[in-house]
Every structure is written in structure tokens, then in C-alpha cells.
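Novice: Quick check, what structure comes out for this input:
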Amino acid sequence: MIPINRHRIWQLVADAGLIALAWYLAFELRFDRGVPPYYDTLFRRTILIVIAIKLVVFVLAGFYDRWWRYVSVRDMWVAFRGVTAASLIAGLTVYFFSPVAQVRLPRSVAIMDWLLLLGLIAGTRLLARTVIERPGINLVARGKEVLVVGAGDAGQLVIRELQRNRQLGYTPIGLIDDDPRKKNLRVHGVRVLGGAEDLPRILRDNRPDEVLIAIPGASGEARQRIVTITREGNVPVKTLPGLYELISGESDLAAQIRPVQVEDVLGREPIEVDLRTIAAYVRDQTVLVTGAGGSIGSELCRQIARLGPQRLVLVDQGETPLFEIERELVDERGFAASVPVLADCKSRTKMRQIFDRYKPGVVFHAAAYKHVPLMEANPLESVRNNALATQVVADAAVESGAARFVLVSTDKAVNPKTVMGQSKALCEWIVEAYGARTDVTTRFVAVRFGNVLGSSGSVIPIFRRQIAKGGPVTVTHPEMTRYFMTIPEAASLVIQAGAIGGRGDVFVLDMGEPVRIIDLAMQMIRLSGKEPERDIAIDIVGARPGEKLHEKLWGEGETAVPTSHAKIMRVSGPTVDPLWLQDELGELGRLVHEGETLEVVSRLSSMMRLPRLAGAPEPAHREEEDTLSGQKLS
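Specialist: Take a look at the predicted model:
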């Protein structure tokens, strides 16, 4: 027997009444001068049988798995099929197994019963939804009056949710859409008042409490234009999240309404990827993610979990972030095949144990130290945790026979001037060196991108804290620019690159135009409801040691060539000699182990200035030069 939720029993009772009413009306309408006695006897002896048969069919058809208040077109088709099947089975049963001798059910009664029941079942559900939502009949607005920008799919879903969910405290009073064909049309009873160019007039005439941008795929420029207009009209503005957040979030759109953030208005078009198509290499595989508790690592885990891996091994040395991402995957996202492993990627023994036990087919190496000033103050840890740990994880991946190894890199590895950038450049060299080896079957790929919005330690959280304190907001240089992308985009690019790359490829994203940091600061101040300089001061504090005014995505001697993906480019350029790199990493490891800070910094700089390229002859007296260099440092 199919179990019925106790909250649906009243629906079943109501349907029983509708079945009885349709059966009764079918007999009454069939006979103009009253129902003959023998057919009246047939009606009375079969009504309970008909009710029982039809209710069983309704239960099997899933009628009571749905709320009447959420009835949709799809539910109407379910009702049509269910009523048709129920009427057919009940009619045939009564016709062939009549409880009244020599009396058959008239076919016209069966047809009218089907039509009447279909109308009653569909009509009551539509009526229930109409009464609950009551679109367009509220004389007094509930809570805040909101103007919704976007009359597309997301807009109509939000309108419907705001109308039926009183607890949200919103009443939609109008829609804004740039499609001239939609003007004056109504969506769930709410009229399209005009386009974005009409917004200033509409704000004056209607004066809403809030404006809601319900266009998940809107460009940053379009959002910025709406934010500017609403700010001039002194009307708060909120938005739905972007496409990546919407896909990974809850299905209840209205629950995701949030204030407009600087990420929404930076102006760069988001990268579009079809993860289910391009990431087939992840499906049914054991996937290992290092740095799983970090900003990029945790988003990688969220997106990979949706692609159907057999198992997801989460490696991180931070107990709390590892616990949080594992609980999120299991409890909130329903991905039970998550294996949290508390481990340090620098430990060769531990990495070999993990790889031997789980045999991952795909490895995403996101673990790294990334804060530039902190790494300048701690160069040994920068080299140990970034470069040497990457070598350890890469060795373990090769030894265990992993099919793919994807490194998360940074634009700071291009022409690096800081210890952090130099250590990440070494990571890319390791990927290129392993990719060039003919005895290695693992496909090595590196993904290089710019600043990630909202990640821990990025400029966005720093500015937010400074604005919350009342300022000042500190900017290092008025002309400093950076490339920006969102965390979901960065994770998608990493997965994308793993699908199209191999043999030591380094990829970069076409990130559009760089953003001036001072413009970013002023946008954030305005989005907080204040004015730069008048309410929040901006202080120019000067560039930090080694910090570049303008980051680049590829360096001197490198060129970017297109790939099969329109927004992803492959960096092409000279590669380092694998044997030379192995010797240099061995020497760096010795110096780090011995705590020789100055020697490590000096050797890093020397490697960046004069790397030995693949195929180049070994310079004479190299050993003597190294000895003299060591004597000078000591």
C-alpha cells in the first residue's frame, strides 16, 4: 500500500466527495425526466465501489504527493491522466461486473462522469491556489512594495513566490523589462510598467519600498545601471544571485534575495560552462581535492559533488574548515560519499598513504598559501607549502597512477616579484616538467587566474570590514588594477581545464578588462549607502614591497592561443629543463629544512632570472658559481 502523508488526508476526503458528486451528476444529467429505478439502484450500489477504485488510482498516480497551493501545468497533466485512468477502470468494472442483474452502465454516463470529474478535480486545485495566492485582489499591500526588474522566467517565479508566501512581507507592484513586446502585459496579475530607461519615471510615480533585480544572467554593466538609478532615487535595491549561485543554491528563489554586492556590478560577463558535458572525466571516479576547506577548494568540492563522482576525498590541514565542508556536502547537499582526511600536503609519507588507500583517478591541488605580505615575511613556509608540497602531491599522483592532476595557480606567478608569486611559478614549472615526461601517464594541467572575489584575505572582505568600521578604506595606489572573477567561476574553470588539457598545459581565463582598485573601493562604499570621501575616507597608503601596479595573465616570452572554449586560452612558451628543476627543488628543500632564509630567497630570485630551458646546454662552471654564491651569502 502506498503511504499517504497525514497532512494530505483532507485532500483524499475532498476527492472522495468530488468523485461521488461527479457520479451523481452523470446519472442526473443523462436522464431528463429523473433516473429510472433500476439505474438509481445501480447508482446506489456502485457509488462506494467507484469511490474506492478511483481513490486507489489517484494515490498510485501521485495525486497526494503535491500541495494544492503549488499546482502547476505539469500537475494538470497528471490530473488528466489520473482521472482518465480512474474513470476507465471504474467504468469497465461497473459495466462488466454490474451488481444489478440485467442492467449495464450506460456509456454516456461513463463519459459524462469522466468529464465532470476532470473538471471538478482540476477546478478545485486551481481554485485552492487562486484563493491562497489571491493575485491582484489585495486592496492593501502586505509589507514592503517591491518593483521587480525582469519579466523572464526568474521574474515570474519570484512574483509567484512573493504573492503566495506572506511571511516574506513583500507585495510586487510592477515589473520592469526592456522587451517592448512585454509592456503593459501582466505576469501573475502584475503589470510590466516599462523598460530600464523608464525606471526614473516609474520610481517617481510608484515610489516602491525596494527594487529587486530578478535577472540572474544580467551583466555587471546592466546591474550597475539599475543600481545607479535606484540610488539617485533613494530606493534600496536587492538582487537574485548570479547563475552559478542559483544553480548551486536552493530552489526557493525568493529565499535567495539579497542586497546587491560589488561582485554583481563589476561589469565582466560571467564565463559559461556546461559542467555535465565537459566534466565526464569526473563522473564515477574517486576525486581528491587538496585544500578542500579553502575558498577555491570548497567550491570545487561543491561543483564536483554535483557531477556524480564515486567518491570525493577532502584533504586539508585545517580541522574546522574541513569539518564544515564535509558537513555541508553530507547534510545540506546529500553527497554521502565524502571522505574527510586531516593531513598536511607537505608530508610525503602521509600523501603516499592517502593515495595508496583511495587510489584517486583525478587530483585537484588547491592547497596553497596565498597572502602576499605574509609570505614575504615567511619565505621558508611559502616555498615549503607551495612549491615543495606541490612536488610531493604530484609524485604521489604519479606513483599511484592517477589519470589527471590539475593545479590551481595564480596570475602572480607571471613575472613574479614576490616570494609567493615565485613559489607559485615553481608549481607551474613542476606541472610542465611532469607533463613533458614520456614515462608519466598522468595528465598534468595548471589553471592560472586573477583575484577571486570574496575569498578569504582578498580585497573585498578587507574593504567591507573597513567600511563597517566607518573607514578609512585603504588603497595602495590610485592607478593599481587587478583582474577579478567569482569563486564559482574560478572553480568551473579549473574543472573545465581538466577536461581539455594535458601534458603540462597552462591555461588562463579571458577575464575581460582589469578593474581599478580605487573604483572598486568607491563602488563598495556607495553600495553600503554612503558616499566616498564625504562619509567614508579613502587613504592612499602606497604599494607594498614587490607589489605590481598591473597584473598580467601571461609573461614575457609567453603567448596565449585559443582553445576549444571561447573564454579559455592556453599559454604557450619555453619550458624549463626537468632535470635542472629537479636539482633546484632538491637544493631548495635542503635550504628550507636547514632554515636558511636568505639563501632560499636568493636562490628563488636566481631561478626566476636565469631558468635553464629545456634543450639548452648546461652552463660551464655552474657548480663553482653556486659555491661562490653560497660563500657570498654566508
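
Novice: what's the longest helix along the chain packed up against?
Specialist: Counting residues, the longest helix in the chain under DSSP state H turns out to be helix 107-133. The contact analysis (3 or more CB pairs under 8 Å, 6 or more residues apart in numbering; DSSP states H and E) places helix 107-133 against helix 9-30, helix 73-96, helix 153-164. For every residue, glycine as well, the C-beta is placed using N, CA and C.

Novice: And for the closest residue to Asp356 other than its chain neighbours, the neighbour number?
Specialist: In space, and not counting its chain neighbours, Asp356 is closest to Ser400: 6.5 Å by CB to CB, 6 or more residues apart in numbering. Using other CB atoms under 10 Å, Ser400 has 20 other residues around it.

Novice: burial measure for Glu531, as a count.
Specialist: Number of residues near Glu531 (other CB under 10 Å) recorded here: 12.

Novice: To clarify, my last question referred to Arg81.
Specialist: Neighbouring residues of Arg81 were enumerated by other CB under 10 Å; the total is 12.

Novice: and the gap between it and Leu12?
Specialist: From Arg81 over to Leu12 the distance is 18 Å, taken as CB to CB, to the nearest Å.

Novice: number of nearby residues for Tyr434?
Specialist: 23.

Novice: and if you look at the one 4 residues further on?
Specialist: Residues contacting Thr438 under the criterion other CB under 10 Å number 6.

Novice: so where does it fall, helix or strand?
Specialist: Thr438 is part of no helix or strand, with elements assigned from DSSP states H and E.

Novice: Can we start the residue count at 680 from this point?
Specialist: Fine by me, first position is 680 from now on; the one you just mentioned is Thr1117.

Novice: need the contact list for it.
Specialist: Shown in contact with Thr1117 (CB atoms under 8 Å, 6 or more residues apart in numbering): no residues.

Novice: now, of the helices and strands packed on helix 786-812, which is deepest in the fold?
Specialist: helix 832-843 (a mean of 21; mean count of other CB atoms under 10 Å).

Novice: how about Leu882, phi and psi?
Specialist: In this entry, Leu882 is assigned phi and psi values of phi -70, psi -40 (degrees, to the nearest 10).

Novice: State the phi and psi torsions of the residue nearest to it when sequence neighbours are not counted.
Specialist: Nearest residue to Leu882 in three dimensions, chain neighbours excluded: Gly912, at 4.2 Å (CB to CB, 6+ apart). The phi/psi pair for Gly912 (degrees, to the nearest 10) reads phi -90, psi 0.

Novice: Next: Asp884.
Specialist: Reported as degrees, to the nearest 10, the phi and psi values for Asp884 are phi -80, psi -40.

Novice: quick one: it and Thr1120, what's the gap?
Specialist: Per CB to CB, Asp884 is found 68 Å from Thr1120.

Novice: Run me through the strand neighbours of whatever helix or strand Met1164 lives in, direction for each.
Specialist: Using DSSP H and E, Met1164 falls within strand 1163-1165. Looking at strand 1163-1165 with DSSP bridges, its partner strands are strand 1130-1132 (parallel).

Novice: who touches the partner strand?
Specialist: So strand 1130-1132 is contacted by 941-942, 945, 974-975, 1137-1139, 1161-1166, 1169 (CB under 8 Å, 6+ apart).

Novice: wait, which of those is closest to Leu1188?
Specialist: Taking CB to CB as the measure, Met1164 is the one of the contacts of strand 1130-1132 closest to Leu1188, at 6.6 Å.

Novice: That closest one and Gly1129 touch, don't they?
Specialist: Yes - applying CB atoms under 8 Å, one finds Met1164 in contact with Gly1129, separated by 6.2 Å.

Novice: what residues do the two have in common as contacts?
Specialist: Taking CB under 8 Å, 6+ apart as the contact rule, Met1164 and Gly1129 both touch Leu1188, Met1190.
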